[in-house]
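[1] Quick one, structure for this:
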Amino acid sequence: MHGTHNTQLAERPSETDGTITRSQTLLFAASVGIIVTNLFAPQTLVGLIGPSLGAAASESGLVSMATLLGYAAGLFFLVPLSDLIENRALVLRMLSAAALAAAIASFAPSASSLLAVLFVLGAACSCIQVLVPVAASMAPPGQDGRVIGDVMSGLMIGILLSRPLASFVADAFGWRAFYGISAAALALLAILLGLTLPRRRPLAHSSYAALLVSLFELLRQEPVLRRHALTASLVMATFSVFWTAVALRLATPPFELGQRGIALFALVGAGAAAATPIFGRAGDRGFTRPATVLCHLGLIAALGLAAWAGATAAGGAWLPLVLMGVSAVLLDVGVTGDQTLGRRAINLLQPKARGRLNGLFVGIFFIGGAIGSLLAGFSWAWGGWNAVCAAGAVFGVAALVVDWVG
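    Numbering: from 1, shown residues only. Reported below is the predicted structural model:
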């Protein structure tokens, strides 16, 4: 690993050699956190958007899918450009496109037009995976994990707060207001980053088509990428299983929470973001493998506790709710830890391919998230909350098996 790391530092563009400041790190963290809210907020707005645009109930789910599908497309077709063209210019163009798409979404007259705009918004939001490698390239020697962990804490806060934030805004001002506020925030980010981001010229000298083809070659060449992408996919599946179904469980006895109560519950998991820098530092100190195993054990324990919380009626609704909250935090700590350690590991592999490596890593774990969301519905319909927790635990055990084999 030392050899790879030294090569990485030697090949970094001079514009970003060990120059990151604390304020820049905070700006990176805030930026990715604000951008990522657009990916998960639609999940809580579906019930409002569909009826307001005259969409059938069976079509409403497409609203939450459109942004994620666009994001996946951006990961595979836009993020590789960060290994080909200057990164600052790429980020600003993508952010500008995202701000414009969000503004148009706030005025979309029909479901079909909204779906098209949300797809574009999701694709433009993939600039997150350009910003993270830029931050890593600016880290001083030996502090890549710390910087990535700090930036990832902003990303995870954004993910965890997106649903309750969107719910509160929509409850007060309507769903269109969320996209209006998002457009303003993205435009402000574009201005701030335009003033503060250094230029980062990529080291790859290839065509765009060759870069896309090289995605498969990178996956074949790098066992570290394959292993961490696979465990991240399994962990994201666990995350999606839990968070897709927990609202259904909290709406039933003994919890009987309304939409606002469920939104408040979602805030609990945001506390897990505080653990992200800890895992980044653990990676810097050579504890990537044991820390990763600990994350996966934590996931399994969280699902066991969640199953117990869902089954107990002792102490009225308060004790089960507290136990469910603890399980949510424990699960989110496991997810953020795995993501941080995995991202740090792949950023040490090939500096010329940072954009493509990050695109592959995130694209693969989003596939796991989609599978988890699908299985959550089937599990809930088949066996209720216990089946949901069992499905999530299976993914956690699978991640441990990958740790053992790898």
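
[2] got the contact list for Gly355?
    Contact analysis of Gly355 by Cβ atoms under 8 Å, 6 or more residues apart in numbering lists Val79, Pro80, Leu81, Ser82, Asp83, Gln129, Val130, Pro133, Pro202. C-beta coordinates here come from the backbone N, C-alpha and C atoms, glycine included.

[3] Max pairwise distance over those: which two?
    Gln129 and Pro202 (13.8 Å; Cβ to Cβ).

[4] Looking at these two, which has the bigger crowd around it?
    Here Gln129 and Pro202 are set side by side on neighbour count (other Cβ atoms under 10 Å), and the busier one is Gln129, at 27 against 22.

[5] Which strands and helices lie in contact with the host helix or strand of that one?
    Following DSSP states H and E, one finds Gln129 within helix 128-137. Counting by 3 or more Cβ pairs under 8 Å, 6 or more residues apart in numbering; DSSP states H and E, the packing neighbours recorded for helix 128-137 are helix 22-40, helix 87-105, helix 144-173, helix 318-347, helix 354-405.

[6] Compute the inter-axis angle for that helix and helix 87-105.
    150 degrees (axes from the mean of the first three to the mean of the last three Cα atoms, to 10 degrees).

[7] buried stuff in helix 128-137?
    For helix 128-137, the buried set under the neighbour-count rule, 16 or more other Cβ atoms under 10 Å, comprises Ile128, Gln129, Val130, Leu131, Val132, Pro133, Val134, Ala135, Ala136, Ser137.

[8] What separation is there between Leu121 and Leu68?
    From Leu121 across to Leu68, the span is 11 Å (Cβ to Cβ, to the nearest Å).

[9] Please apply the same query to Phe178.
    Relative to Leu68, Phe178 is positioned 17 Å away (criterion: Cβ to Cβ).

[10] cool, Pro254 as well?
    33 Å.

[11] Considering only helices and strands, which part of the chain has the lowest mean pLDDT?
    In the chain, the helix or strand scored least confidently by mean pLDDT, DSSP states H and E is helix 2-11, which has a mean of 36.

[12] Tell me where the stretch 151-300 of the chain is predicted with low confidence.
    Flagging of the stretch 151-300 of the chain using pLDDT under 70 yields the residue ranges 203-205, 259, 270-271, 273.

[13] That one: strands as residue ranges?
    For the stretch 151-300 of the chain, strands defined by DSSP state E, counting those that start in this stretch do not occur.

[14] and Ser82, what is it in contact with?
    For Ser82, the contacting residues are Leu90, Gln129, Val130, Pro133, Pro202, Arg354, Gly355, by Cβ under 8 Å, 6+ apart.

[15] Just the mean pLDDT for the helix or strand containing Ser64, thanks.
    Here Ser64 sits within helix 57-77, counting by DSSP H and E. In this model, helix 57-77 carries a mean pLDDT of 73.

[16] For it, list every residue counted as buried.
    In helix 57-77, the ones that count as buried by 16+ other Cβ under 10 Å are 60-76.

[17] which strands and helices sit next to that helix?
    Contacting helix 57-77 under the criterion 3+ Cβ pairs under 8 Å, 6+ apart are the following elements: helix 22-40, helix 42-52, helix 111-124, helix 208-221, helix 354-405.

[18] again, only using 10 Å
    When contacts are defined as 3 or more Cβ pairs under 10 Å, 6 or more residues apart in numbering; DSSP states H and E, helix 57-77 sits against helix 22-40, helix 42-52, helix 87-105, helix 111-124, helix 128-137, helix 208-221, helix 354-405.

[19] Just say which of those is most tucked in.
    Comparing the helices and strands packed on helix 57-77 by mean neighbour count (mean count of other Cβ atoms under 10 Å), helix 128-137 comes out on top with a mean of 25.

[20] Report the angle between it and helix 318-347.
    70 degrees.

[21] Am I right that Ile371 is in contact with Ser240?
    Yes: applying Cβ atoms under 10 Å, one finds Ile371 in contact with Ser240, separated by 7.7 Å.

[22] so what sits against both of those two?
    When contacts are counted by Cβ atoms under 10 Å, 6 or more residues apart in numbering, Ile371 and Ser240 are jointly contacted by Phe395.

[23] Minimum distance to Thr244: which of the helices and strands packed on helix 57-77 has it?
    Relative to Thr244, the nearest member of the helices and strands packed on helix 57-77 by Cβ to Cβ is helix 354-405, separated by 3.8 Å.

[24] what angle do that closest one and helix 208-221 make?
    The directions of helix 354-405 and helix 208-221 differ by 20 degrees, with the same axes, to 10 degrees as the criterion.

[25] Okay, angle between helix 354-405 and helix 57-77 too, please.
    Between helix 354-405 and helix 57-77, the angle comes out at 100 degrees (the same axes, to 10 degrees).

[26] before we move on, the earlier item: mind listing the shared neighbours of Leu121 and Leu68?
    By Cβ under 10 Å, 6+ apart, the residues touching both Leu121 and Leu68 are Leu39, Pro42.

[27] So for stretch 168-183, what gets flagged as buried?
    Quick answer for stretch 168-183 (16+ other Cβ under 10 Å): Phe168, Val169, Ala170, Trp175, Arg176, Phe178, Tyr179, Gly180, Ile181, Ser182, Ala183.

[28] what's the neighbour count on Thr336?
    Applying other Cβ under 10 Å, we find 30 residues neighbouring Thr336.

[29] Make sure it is actually in contact with Gly158.
    No: taking contact to mean Cβ under 10 Å, the distance of 11.9 Å between Thr336 and Gly158 leaves them out of contact.

[30] where's the residue nearest to Leu69 when sequence neighbours are not counted relative to Leu160, distance?
    Distances taken as Cβ to Cβ, 6 or more residues apart in numbering put Phe119 closest to Leu69, at 6.2 Å, once the chain neighbours are dropped. Spatial separation of Phe119 from Leu160 under the definition Cβ to Cβ is 24 Å.

[31] One more: Gln143?
    In this structure, Gln143 and Leu160 are separated by 25 Å, where distance is defined by Cβ to Cβ.
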